[in-house]
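Participant: missing the sequence, but the structure's below:
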């Protein structure tokens, strides 16, 4: 994959998002990643969190929309790459600070689309949160809000529930590939609907629980070393 790779840390992503939105970074937060902030000048930010998606899946499945538009690939270094701790490190830095609440306090139009369980886990305020039952509903809600939001955050996490339901009939790696390609198609549509100068940040994590994918040989080794990522690209005028 011949595109710019940037080394980053989960803890600095909060400040990076704030700086990209033109918002003052509060004292005590790690500084933003300048290698990322200098590449983009967005008017709005769309953060898409995809469970069970990382560098391995991006290389093996080659999601067309993400790869075609990609401008920077951040390899996220973290002690715990699973969904809940990684999202908490992005959203909640220090006591009393919450990224989405802080952005909204600056008068930015903010929207979160997630499952009801995420509201409690990540302390999203109902005033800016839409609850959905599955990934399809999350996508549909995103199409309603993407054009007017200055910060839109959505969370796709169907794979583990579908694996629990169908994993005995469908190989998990086949199921995961379908999920990745389906979500990539949704991102393609959202990109068309977004305003010019909207920055997409596609964040992948290891999911909520380890899932055996039955790879062998080199693929098994690469999957084991899979890193959380942030695929970044900005919608620009032609």
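Facilitator: Cool, got the structure. None of these values were measured; they are calculated from a predicted model.

Participant: check the gap between the closest residue to residue 19 other than its chain neighbours and residue 68 for me.
Facilitator: Closest residue to residue 19 apart from its sequence neighbours, by C-beta to C-beta, 6 or more residues apart in numbering: residue 32 at 4.2 Å. C-beta here means a position set from N, CA and C on the backbone, and glycine is covered the same way. Separation of residue 32 from residue 68 (C-beta to C-beta, to the nearest Å): 27 Å.

Participant: among these two, which residue is more densely surrounded?
Facilitator: residue 32 (20 against 12; other C-beta atoms under 10 Å).

Participant: tell me the contacts of that one?
Facilitator: 12, 15-16, 18-20, 25 (C-beta atoms under 8 Å, 6 or more residues apart in numbering).

Participant: cool, residue 139 as well?
Facilitator: Per C-beta under 8 Å, 6+ apart, neighbours of residue 139: 154, 156, 186, 190.

Participant: double-check that it belongs to a helix.
Facilitator: Yes: with DSSP: H, G, I helix; E, B strand; the rest coil as the criterion, residue 139 is part of a helix.

Participant: quick one: residue 148 and residue 202, what's the gap?
Facilitator: 21 Å.

Participant: check residue 47 too.
Facilitator: Taking C-beta to C-beta, one finds residue 47 at 8 Å from residue 202.

Participant: looking at the two now, which is surrounded by more residues?
Facilitator: Of the pair residue 47 and residue 202, residue 202 is the one with more neighbours under other C-beta under 10 Å, namely 26 against 22.

Participant: now do the strands in this protein.
Facilitator: Under the criterion DSSP state E, the chain contains strands at 5-9, 44-50, 72-77, 110-114, 129-131, 151-156, 198-204, 229-234.

Participant: what average pLDDT does the second one get?
Facilitator: When you say that, I think you mean strand 44-50. Averaged over strand 44-50, pLDDT sits at 97.

Participant: before we move on, back to that, going by neighbour count, which of the contacts of residue 32 comes out on top?
Facilitator: Compared across the contacts of residue 32, residue 16 has the highest neighbour count, 26 neighbours, by other C-beta under 10 Å.
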